[in-house]
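Asker: here's a sequence, model it:
(chains A and B)
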Amino acid sequence: GAGVSQSPSNKVTEKGKDVELRCDPISGHTALYWYRQSLGQGLEFLIYFQGNSAPDKSGLPSDRFSAERTGGSVSTLTIQRTQQEDSAVYLCASSLGAVPNYGYTFGSGTRLTVV
Amino acid sequence: RKEVEQDPGPFNVPEGATVAFNCTYSNSASQSFFWYRQDCRKEPKLLMSVYSSGNEDGRFTAQLNRASQYISLLIRDSKLSDSATYLCVVAGYSTLTFGKGTMLLVSP
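Answerer: Okay, here's the model as predicted:
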């Protein structure tokens, strides 16, 4: 596609439920990133995929968070047993290569609200 | 020291003014640097890369000082449409670290 596509754009869920967020990166981009941004805060790195290499999960805040990337393309971020502090905008980005010399292109994000 | 630090602002300037933002970073091994722009409730968008020699794109000039570990962005002849939050971004080997941003408000 022309840009990074994320779905859903908005998600309201009850505390304790699981949610799945989807990201479809730009075609040909081998690197894919998940960040989140809480209200009034900066972007917080979550996880990074590069090709077939093992993902860098160093930013995941707890074991309730996981992500996978199938076929080197689409990625799904899963949050289990959601908590209110998980409410944030979850942003996916993709990049041409492993070293982000060209910067990222972001999707428009999924706004998650846990009630 | 935070990895990437910026003055949150807001910077309130009239149309036509020149405004400058600075940013400092802590990791001297950082490889690449960028400025992103983020409009309210929108995703960040790449504004420009920052090179050691300094670079200009229209009304925007970015500079990097590796010795002092700071980056600057200068906006000349501010437009109402420049109102946004400007994010200073520093790249490591595989990921980008974002500052919390500096808010700019340009008024008529």
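Asker: okay, and the spatially most central residue of chain A sits in which element?
Answerer: Residue closest to the mean C-alpha point of chain A, counted by C-alpha atoms, centre = their mean, is residue A:34 at 3.1 Å. Using DSSP states H and E, residue A:34 sits in strand A:31-37.
Asker: for that strand, which strands pair with it and how are they oriented?
Answerer: For strand A:31-37, the pairing partners within the sheet under DSSP bridges are strand A:43-50 (antiparallel), strand A:88-95 (antiparallel).
Asker: which parts of chain A sit against chain B?
Answerer: A:31, A:33, A:35, A:41-43, A:45, A:48, A:50, A:56, A:91, A:98-109 (C-beta under 8 Å from any C-beta of the partner chain). No exception for glycine: its C-beta is placed from N, CA and C like everyone else's.
Asker: kindly write the PyMOL command that selects the buried subset of the residues you listed.
Answerer: Entered in PyMOL, the line below selects the buried ones among the residues of chain A next to chain B, by 16 or more other C-beta atoms under 10 Å in any protein chain shown:
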select buried, chain A and resi 31+33+35+42+43+45+48+50+56+91+100+103+104+105+106+107+108+109
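Asker: tell me where chain A has strands.
Answerer: A:5-7, A:10-13, A:19-24, A:31-37, A:43-50, A:65-69, A:75-79, A:88-95, A:105-106, A:110-114 (DSSP state E).
Asker: need those strands in CSV with distance to residue B:100, can you?
Answerer: Converted to CSV, the strands of chain A look like this (distance: least, C-beta to C-beta, whole Å):
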stretch, distance to residue B:100
strand A:5-7, 22
strand A:10-13, 24
strand A:19-24, 23
strand A:31-37, 10
strand A:43-50, 9
strand A:65-69, 22
strand A:75-79, 22
strand A:88-95, 14
strand A:105-106, 16
strand A:110-114, 19
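Asker: got these as a markdown table, with mean pLDDT columns?
Answerer: As requested, the strands of chain A are arranged in a markdown table below (pLDDT from 0 to 100):
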| stretch | mean pLDDT |
| --- | --- |
| strand A:5-7 | 97 |
| strand A:10-13 | 98 |
| strand A:19-24 | 98 |
| strand A:31-37 | 95 |
| strand A:43-50 | 93 |
| strand A:65-69 | 96 |
| strand A:75-79 | 98 |
| strand A:88-95 | 95 |
| strand A:105-106 | 93 |
| strand A:110-114 | 97 |
